[in-house]
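**Q** what's the 3D shape of this:
(one chain, ligands or ions: 2)
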Amino acid sequence: AGCAAIVTAAGSGNRLGAGIPKALVEVGGQPMLAYAVASMALAGIPTIIVTAPANELAAFEVVVADEQLQAAAARAWPELGIPPSIEVRIAAGGASRQASVAAGLEVLAEMERPEVILVHDAARPLTPPEMIARLADAVSEEQGAVIPGLAVADTLKRVDDDGFVTGIIERAHLRAIQTPQAFSTDLLARAHAYGAARASDEALAATDDAGLVEAMGEAVRVIDGDAAASKITTAADLAALELRLAALG
Ligand code: CTP
Ligand code: MG
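**A** Ligands and ions are numbered 1, 2, ... in the order given. Next comes the predicted model:
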């Protein structure tokens, strides 16, 4: 019974270019990973597997200690109080994000089986706990895959290789997809087995976890995400996040 989360943090953060793993980069005085794990704790998720670069496991252990999670929670969500103590395990990730999620699933397979698994990126540190709880609650036997999405505000056009417009894209049915993505444990395990069996298929390897479910022909439901769950990819993203935290006081 219950819910668990895999927080992927095994990437190197090349585009951010900080010289250390992106998840360890500090914003508002706390590492991004501490916020991401604290947000899960505040959402009531009791078990977290964090995937880390294989040569950084000790540094990641320090970041998910109770005191560090409490400090991050106090910085980002002071109104929500102290996060409950949770079980956090650090696991070595893989060469791709998909391989890192698979490594997290292997660790979970040896633990008490949760009903729902959330797959989240440490690169979305300020994801509101309320949004996380909403996703976990939306998973049911009938609806095994639920992911957050935002309506797209910009006008979208298709262009050819020379930059000439070849068509406009109707926006009403488009969503920009975020994490965490929430799954029934059975469906996520089947989707990853499906993906692993087709590892040479590049189109499939490039997708997110929900993409593997879609590739199996099963339904994925999109519910409202939150602008606060934006992803940190570049130095400009990090600077914007720093400003947002500064505005909190
Ligand atoms: N990730 C992972 N294992 C990998 C690659 C990525 O767990 N082998 C995680 C990252 O740590 C991140 C999430 O997947 O939390 C989304 O990836 P991305 O934003 O691309 O992060 P990085 O791969 O670290 O950044 P970059 O691509 O710029 O190197
Ligand atoms: Mg990457």
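**Q** can you give me the end-to-end distance of stretch 118-126?
**A** For stretch 118-126, the first and last residues are 16 Å from each other (C-alpha to C-alpha, to the nearest Å).
**Q** any bit of that stretch sitting next to ligand 1?
**A** Yes - with C-beta under 6 Å from any ligand atom as the measure, stretch 118-126 is seen reaching ligand 1 through Asp121, Ala122, Ala123. No exception for glycine: its C-beta is placed from N, CA and C like everyone else's.
**Q** By neighbour count, which of these wins?
**A** The member of those that has the most neighbours, counting by other C-beta atoms under 10 Å, is Ala122 with 30 neighbours.
**Q** and that residue, backbone torsions?
**A** According to degrees, to the nearest 10, the main-chain angles of Ala122 amount to phi -60, psi -20.
**Q** What residues does it make contact with?
**A** The contact partners of Ala122, by C-beta atoms under 8 Å, 6 or more residues apart in numbering, come to Val7, Thr8, Ala9, Lys22, Ala23, Met32, Leu33, Ala36, Val37, Val50.
**Q** same thing but 6 Å
**A** Contact criterion C-beta atoms under 6 Å, 6 or more residues apart in numbering gives Val7, Ala9, Ala23, Met32, Leu33, Ala36 as the residues in contact with Ala122.
**Q** just these that are near ligand 1?
**A** Ala9, Ala23.
**Q** how about the residues of this protein near ligand 1?
**A** Residues of the chain lying close to ligand 1 (C-beta under 6 Å from any ligand atom) are 8-16, 22-23, 51, 93-97, 100, 121-123, 233.
**Q** Show me which of those are buried.
**A** 8-11, 13, 16, 22-23, 51, 93-94, 97, 100, 121-123 (16 or more other C-beta atoms under 10 Å).
**Q** of all those residues, which two lie farthest apart?
**A** Between any two of those, the greatest separation by C-beta to C-beta is 19.9 Å, found for Leu16 and Gly94.
**Q** Okay, and which of the residues of the chain next to ligand 1 map to strands?
**A** The subset of those located in strands under the criterion DSSP state E comprises Thr8, Thr51, Asp121.
**Q** nearest spatial neighbour of the last one, skipping sequence neighbours?
**A** If I follow you right, that is Asp121. Leaving out its chain neighbours, the residue that sits closest to Asp121 by C-beta to C-beta, 6 or more residues apart in numbering is Thr179, at 4.9 Å.
**Q** Same check on the second one?
**A** Using C-beta to C-beta, 6+ apart and skipping residues adjacent in sequence, the residue nearest Thr51 is Gly93, 3.6 Å away.
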